[in-house]
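Asker: from the sequence below, what's the structure:
(one chain, ligands or ions: 1)
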Amino acid sequence: MNTLEATGRQRKLALDCEIDHVFYNDVINGLSATRKNLAPKYFYDTRGSRYFDAICRLPEYYPYRVELRLLHQVAAELNQLLERPLNIIEFGAGSLEKIQPLLSTMECIDSYVPIDISAESLKQACQTLIEKFPGLEILPIAADFTTEVEIPPSDAADFGFFPGSTIGNYTPSDAVDFLRAARQSLGADAYLLIGVDTKKSARLLHRAYNDREGITARFNLNILHRINRELNGDINLHKFEHYAFYNPHRGRIEMHLVSTDEQVCTIGDETIHFNQGESIHTENSYKYTPEEFTALAGNAGWRISREWMADKNLFSVFLLSTGSQASD
Ligand code: AVJ
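Answerer: This next block holds a predicted model:
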């Protein structure tokens, strides 16, 4: 069809179809709540995924570097420990960098299923990975892993991979629910390798989410940009500021976008009012001691097979298993 000849009505229909209704409803519900909030998964459009990659290169953001280093050691030990063919399923795979130490070290990996919410970023990252690991079977899935995702059947044992401390975005009780659901979907004889950020100096944590360059601020504000772009919003980004802090009582970083003025904005057909100083809570990032995480994983029915701790207790990695494995 020649779009130039389309009638007004047809054009409106085409526009309606382009709106992601799930995103729209989540945004309106979140911004209509008494404590305004947005789910952190919505950070990751193509731009947001790029901002996150930039965060990972920041000197202040220790989790990325520290975990990646630790994963080299983890991979070498897993290569000794595991012999059966494995099908790796990664939740929130992003730029596909964390998987690489495993792929280059573990001989038993048969296939790799990266799941990520950002389809475009996933496609690009897969192209790079195919060039580096030409023999590997890759089955990418562009999906929101916080909803039920069907894992393609495989003859190899399912090995879940959940690095980056993404588990920290869940409240502890939601984390238990997620881990229990993952245990169900990975099957009876499965593993889950999971990265967990630790409790540590509040100053160090604070710095990791308040970098000098302001990249984390841009990452946070991009969610409003995205609402404007995709949901026909008119939010004034200059009237919101990035605010992130560590709450030691709750053991979590909180990220907010705080309205600098009283203001009104529209998103699609809805009007949203902000008081001066009112915040939109955009992310929690929970930190766990090894004891706390061990208890949490246990509550979800997982057994701890191995655990690794980085220097200065900066970051931890756990190998969870369903417990039915003969080998360990
Ligand atoms: C990807 C959720 C692990 O919580 O540290 C980085 C996201 N937010 N800087 C984190 C994030 C701000 C990150 N996770």
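Asker: for the residue in the chain that the ligand sits nearest to, which non-adjacent residue is closest in space?
Answerer: Proximity of the chain to the ligand (C-beta to the nearest ligand atom) peaks at Ser285, 3.3 Å away. From N, CA and C alone the C-beta is placed, and that goes for glycine too. Spatial nearest neighbour of Ser285, excluding adjacent residues (C-beta to C-beta, 6 or more residues apart in numbering): Ile253 at 4.1 Å.
Asker: per-residue confidence at that neighbour?
Answerer: On pLDDT, Ile253 comes in at 98.
Asker: right, and it touches His281 too?
Answerer: No - using C-beta atoms under 8 Å as the test, Ile253 is too far from His281 to be in contact (11.5 Å).
Asker: these two: which is more packed in?
Answerer: The residue with more neighbours, out of Ile253 and His281, is Ile253; 22 against 17, by other C-beta atoms under 10 Å.
Asker: can you tell me the SS state at His206?
Answerer: Using DSSP: H, G, I helix; E, B strand; the rest coil, the structure places His206 in helix.
Asker: that one reaches Phe245, doesn't it?
Answerer: Yes - under the criterion of C-beta under 8 Å, His206 makes contact with Phe245 at 6.4 Å.
Asker: and for the two, which residues touch both?
Answerer: Residues within reach of His206 and of Phe245 at once, by C-beta atoms under 8 Å, 6 or more residues apart in numbering: there are none.
Asker: coming back round to it: can you point out the buried residues in the helix or strand containing the residue nearest to Ser285?
Answerer: Applying DSSP states H and E as the criterion places Ile253 in strand 252-259. For strand 252-259, burial by neighbour count (16 or more other C-beta atoms under 10 Å) applies to Arg252, Ile253, Glu254, Met255, His256, Leu257, Ser259.
Asker: any idea what the fifth one is bridged to?
Answerer: Think His256. Per DSSP bridges, the residues bridged to His256 are Tyr243, His281.
Asker: gap between it and Tyr44?
Answerer: Applying C-beta to C-beta, to the nearest Å, the value for His256 to Tyr44 is 18 Å.
Asker: near Cys126, how many other residues are there?
Answerer: Count around Cys126 with other C-beta under 10 Å applied: 18.
Asker: quick one: contacts for it?
Answerer: Per C-beta under 8 Å, 6+ apart, neighbours of Cys126: Leu96, Pro114, Ile138, Pro140.
Asker: doesn't the first one belong to a helix?
Answerer: No - assessed by three-state DSSP, Leu96 does not belong to a helix; its assignment is coil.
Asker: assign a three-state SS to the closest residue to it other than its chain neighbours, would you?
Answerer: Closest residue to Leu96 apart from its sequence neighbours, by C-beta to C-beta, 6+ apart: Ala125 at 4.2 Å. Taking three-state DSSP as the rule, one finds Ala125 in the helix state.
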